[in-house]
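J.: What follows is a protein structure lacking sequence information:
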């Protein structure tokens, strides 16, 4: 078994009483003494600091880099303005999703942030652009922190004046005590906040400076998961994978008209025929929200039926748990698209079926700084 990797904040996590668990080949904090529920609520009310240094950062350089990347993602990269960031998907030949990622235009290069479990696969996938003269440069000398919550702006402004002027999905560089920070106004919690790429030598000091602010608490992977679930955000490897199309994952919004059938730059990415046909016709199945009756959460893998007994198996829960901000259990599953919001279905939990209602996503309305 391969030895688990550790981020540069590993000792800091231990000093704060974190419970460490294996995650995507890394030893990561799942919770701190505050506990997952309180960490979740603290982030919604104040500001939470997340170590996301396990995620991959990759720089792409070269003439025509935006055009080259469009051969791998159904995204408008050419139209991405300098200083802006956009969500994208790597797709495969049959229209499935290889990974989801963030794409930032840094002027003379693109900066990608990819999921930890997919880093090696994604870099290998990107290497095919080298034939077009594009250099693929994994970033290995930086940590990545996420400061999330309604007080994140006030906190970060004390350390890094200037970030308050940023809008949602802006990217910029700032100096902190001689270190160049790569900052984006983004995150995966449904709250306003920032993701900050920090040189390795400064990562611990910068994290400690943030944690010294009264509004900030360290937050683990447990609350990160419940926060993104309430915000209706899919997680790679759970709500989408190489067999799930963007349409079924509810991510058709990330594919603009100009990359769709009849658009100015229609297709030209892996699986384009399957993906664009499905988007034009409407997917037969779609990621939906579910609210179970009672207090018992329904978790990943739980089967969903159309009747309290017998009936047809309609799908399985892809993400599920308790929503601290919503006050009850919530879940997502890919289900027949014809089913209307409010429809009652049945989840089989420990041999007993409980009613669940199809609910519009998100469960908790995001509060981004537009």
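T.: Cool, got the structure. What you see is a predicted model, and the numbers here were worked out from it, not measured in a lab. Numbers count the residues shown, from 1 in each chain.
J.: pretty sure residue 179 contacts residue 206?
T.: Yes. The pair residue 179 / residue 206 is scored as a contact, 7.2 Å apart, by C-beta atoms under 8 Å. All C-beta atoms are positioned from the backbone trio N, CA, C, and that covers glycine.
J.: higher neighbour count, those two?
T.: Between residue 179 and residue 206, counted using other C-beta atoms under 10 Å, residue 206 has the larger neighbour count: 21 against 16.
J.: the helices in this protein, which residues?
T.: Residue ranges of the helices in the chain, as given by DSSP state H, are 10-15, 36-45, 65-69, 119-126, 152-159, 200-211, 221-230, 272-281.
J.: Common neighbours of residue 179 and residue 206, please.
T.: residue 198 (C-beta atoms under 8 Å, 6 or more residues apart in numbering).
J.: Just the buried positions in the longest strand along the chain, please.
T.: Ranked by number of residues, the top strand in the chain under DSSP state E is strand 313-323. Within strand 313-323, the residues that count as buried by 16 or more other C-beta atoms under 10 Å are 314, 315, 316, 317, 318, 319, 320, 321, 322, 323.
J.: ok, the fourth one - contacts?
T.: Taking C-beta under 8 Å, 6+ apart, we find residue 317 in contact with 290, 298, 299, 300, 301, 302, 304, 331, 332, 333, 347.
J.: swap the cut-off to 10 Å and go again
T.: By C-beta atoms under 10 Å, 6 or more residues apart in numbering, the contact set of residue 317 is 238-239, 290, 292, 297-304, 331-334, 347, 349, 356.
J.: likewise the third one?
T.: Contact criterion C-beta under 10 Å, 6+ apart gives 300, 301, 302, 303, 304, 333, 334, 335, 347, 348 as the residues in contact with residue 316.
J.: Who is it paired with across the strands?
T.: Taking DSSP bridges as the rule, residue 316 bridges to residue 303.
J.: And for the last one?
T.: Going by DSSP bridges, residue 323 is paired in beta bridges with residue 328.
J.: Wait, it touches residue 332, no?
T.: No. Assessed by C-beta atoms under 10 Å, residue 323 is found out of contact with residue 332, at 11.4 Å.
J.: Spit out the residues that contact those two alike.
T.: With C-beta under 10 Å, 6+ apart, residue 323 and residue 332 have common neighbours 229, 363.
J.: Can you tell me the centre-most residue of this structure?
T.: Of all residues in the chain, the one closest to the mean position by C-alpha atoms, centre = their mean is residue 188, 5.0 Å from it.
J.: if I read this right, that one contacts residue 48, doesn't it?
T.: No. Under the criterion of C-beta under 10 Å, residue 188 makes no contact with residue 48, lying 11.8 Å away.
J.: Work out the gap between stretch 48-64 and the centre of the chain.
T.: Centroid separation for stretch 48-64 versus its chain: 13 Å, with C-alpha atoms, centre = their mean, to the nearest Å.
J.: tell me the mean pLDDT over it?
T.: The average of the pLDDT scores along stretch 48-64 is 98.
J.: Which positions within it qualify as buried?
T.: Buried, per 16+ other C-beta under 10 Å, within stretch 48-64: 48-60, 62.
J.: Which member of the residues you listed is positioned nearest residue 25?
T.: Nearest to residue 25 among the buried residues of stretch 48-64, counting by C-beta to C-beta, is residue 54 at 7.8 Å.
J.: OK, contacts around the closest one?
T.: 5-7, 23-28, 115-117, 119, 143-144, 221.
J.: Most neighbours out of the residues you listed, which is it?
T.: These, ranked by neighbours (other C-beta under 10 Å): first place residue 28, 28 neighbours.
J.: Make sure it is actually in contact with residue 117.
T.: No. Contact between residue 28 and residue 117 fails when scored by C-beta under 10 Å: they sit 11.8 Å apart.
J.: low-scoring stretches of this structure, by residue?
T.: Across the chain, the ranges flagged by pLDDT under 70 are 1, 370.
J.: any chance of the helices of the chain in a markdown table, plus distance to residue 89?
T.: Output for these, formatted as a markdown table (distance: least, C-beta to C-beta, whole Å):
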| stretch | distance to residue 89 |
| --- | --- |
| helix 10-15 | 31 |
| helix 36-45 | 26 |
| helix 65-69 | 12 |
| helix 119-126 | 11 |
| helix 152-159 | 27 |
| helix 200-211 | 29 |
| helix 221-230 | 17 |
| helix 272-281 | 9 |
